[in-house]
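In: Fold the following, please.
(one chain, ligands or ions: 1)
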Amino acid sequence: MPYRLRENVLRLAPYSPGKPIDEVKRELGLTDVVKLASNENPFGPSPRVTEALARAAGTLNLYPDASGHAVKEALGRHYGIGPAQIALGNGSDELIHLLALILLEGGLGNVVLGSPSFVRYEAAAGVADVAVKAVPLDRDYRHDLGAMAQAVDAETRLVFIANPHNPTGTAVGRDDLRRFLDRLPDTVVTVLDEAYFEYGRGVGDYPDGLEFVREGRNVVVLRTFSKAYGLAGLRLGYAFAGPDIVDAMDRAREPFNVNSLAQAAAVAALADQAHVEDGVARNSAGLQRIERAAAQMGLRTIPSLANFVVVHLGRPAGPVFQELLKRGVIVRSGEVLGLPGSIRVSVGTEDEVERFLQAFEEVMKVEVPA
Ligand SMILES: Cc1ncc(COP(=O)(O)O)c(C=O)c1O
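Out: From the prediction side, this is the model:
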């Protein structure tokens, strides 16, 4: 071919999402399948969102508001921060890539992250052709902030910390995070990815990353409407950062990156905090149910502050994943998440959790073929 595809792009692993329900139904001839694989919110958005979407449907002939004015105003009011410090994206996934675009230059510097980590960080570094320093999590599956601070060098441009972390659900505490940030040179931007913020908020010493942005540190906080707000399908994430970083993201982004339905939904969703709190409480009950049942089966789990939990199986995860699939339950095999011998289970509705546990107990009783 006369054209050249960039080699660093060809080296990227294509994203492998949780198996879709329809695909499992088709492949296995099943009619009733539950998906607990992508950390989605099984309770869905507030009813106010549905009403707002119906109203917004009447304006689909028009381009969305490129400035996201109403969403920024609602977020600003909710969190007490000005619009110049808020960027919006087509999911926080887009914001991760935008940050790489504005902070990384081809082949130069490096990015520090945990191992295993949310896969999109490495993808963003890969598109920019920038080296990744992956620092193993500590033995409690938390970010090893001491080792990460040591991995940061004069070439480091970006550090990614998901808090709570995906795929483990663990979190780093406020004081540890502050000490870590204190150790970093000014040349480094730390991304605190708080996709699961609402689930961790108020638990123990779980920090609110916005505090560090307010202090004027080189911190970008990412949050999303995909999880606790139940709007993963609409794609809307947001960043809190210094005005210079927000300005650069605004210049680099596609002008209409957040569609008008997502904008209308976000404003309505933010106005119904009772719905969010109810979902968070139900999530916590589901999480505890899974943790207790696993303990009764003699299995260990990783303590989670998110809407999913990792269960250690004490045997290869692949066959367990397959046997669960045959019973119409989709989870994530730890083998693809860097957690061999484990599965990651998203917390479903009360019924979905029972359905998973029934299938799981059945599968773990039999010697599944390797
Ligand atoms: C840690 C983390 N960050 C970001 C995302 C992406 O979220 P969004 O739907 O806002 O793109 C996810 C999704 O699972 C995640 O787990």
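In: How about the residue of the chain at minimum distance from the ligand: what's its closest non-neighbour residue?
Out: Here the chain gets closest to the ligand at one residue, Gly91, 2.7 Å apart by C-beta to the nearest ligand atom. Every C-beta, even on glycine, is put in place using the N, C-alpha and C of the backbone. Of all residues not flanking Gly91 in the chain, Arg235 sits nearest, at 4.3 Å (C-beta to C-beta, 6 or more residues apart in numbering).
In: what residue lies at the spatial centre of this protein?
Out: Among the residues of the chain, the one closest to the centroid is Ala195, at 4.6 Å (C-alpha atoms, centre = their mean).
In: what's the residue nearest to that residue when sequence neighbours are not counted sitting at in phi/psi?
Out: Spatial nearest neighbour of Ala195, excluding adjacent residues (C-beta to C-beta, 6+ apart): Thr224 at 5.0 Å. Backbone torsions for Thr224, taken as degrees, to the nearest 10, come to phi -150, psi 160.
In: Report the contact partners of Thr224.
Out: By C-beta atoms under 8 Å, 6 or more residues apart in numbering, the contact set of Thr224 is 91-92, 195, 236-238.
In: near the ligand, which residues of the stretch 201-350 of the chain show up?
Out: The stretch 201-350 of the chain comes close to the ligand at residues 224, 226, 232, 237, as judged by C-beta under 6 Å from any ligand atom.
In: Could you check how far the third one is from Val363?
Out: Right, the one you point to is Ala232. Taking C-beta to C-beta, to the nearest Å as the measure, Ala232 falls 27 Å from Val363.
In: Can you verify the residue nearest to Gly91 is assigned to a helix?
Out: No. Counting by DSSP: H, G, I helix; E, B strand; the rest coil, Arg235 is not found in a helix; it is coil.
In: please renumber so the chain begins at 23
Out: Let's use 23 as the start, then, which means that last one is Arg257.
In: Next, count neighbours for it.
Out: By other C-beta atoms under 10 Å, 20 other residues sit near Arg257.
In: tell me the contacts of it?
Out: Counted by C-beta under 8 Å, 6+ apart, Arg257 has contacts 112-113, 116, 248, 280-281, 284.
In: Give me the subset of the residues you listed lying in helices.
Out: Using DSSP state H, the members of these that fall within helices are 116, 284.
In: and Phe140, what does it touch?
Out: Per C-beta under 8 Å, 6+ apart, neighbours of Phe140: 182, 184, 187-189, 215.
In: what mean pLDDT does stretch 342-349 have?
Out: Averaging pLDDT along stretch 342-349 yields 96.
In: Identify each buried residue in it, please.
Out: Neighbour-count burial for stretch 342-349, with 16 or more other C-beta atoms under 10 Å as criterion, is recorded at 342-343, 345-347, 349.
In: Likewise for stretch 206-217?
Out: Judged by neighbour count (16+ other C-beta under 10 Å), stretch 206-217 contains these buried residues: 206, 210-217.
In: which among those are in contact with the ligand?
Out: Applying C-beta under 6 Å from any ligand atom to those, those adjacent to the ligand are 215, 217.
In: Redo the buried residues of stretch 206-217 as CSV? Include secondary structure and pLDDT.
Out: Formatted as CSV, the buried residues of stretch 206-217 follow (DSSP: H, G, I helix; E, B strand; the rest coil; pLDDT from 0 to 100):
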residue, secondary structure, pLDDT
Leu206, coil, 98
Val210, coil, 98
Val211, strand, 98
Thr212, strand, 98
Val213, strand, 98
Leu214, strand, 98
Asp215, strand, 98
Glu216, coil, 98
Ala217, coil, 98
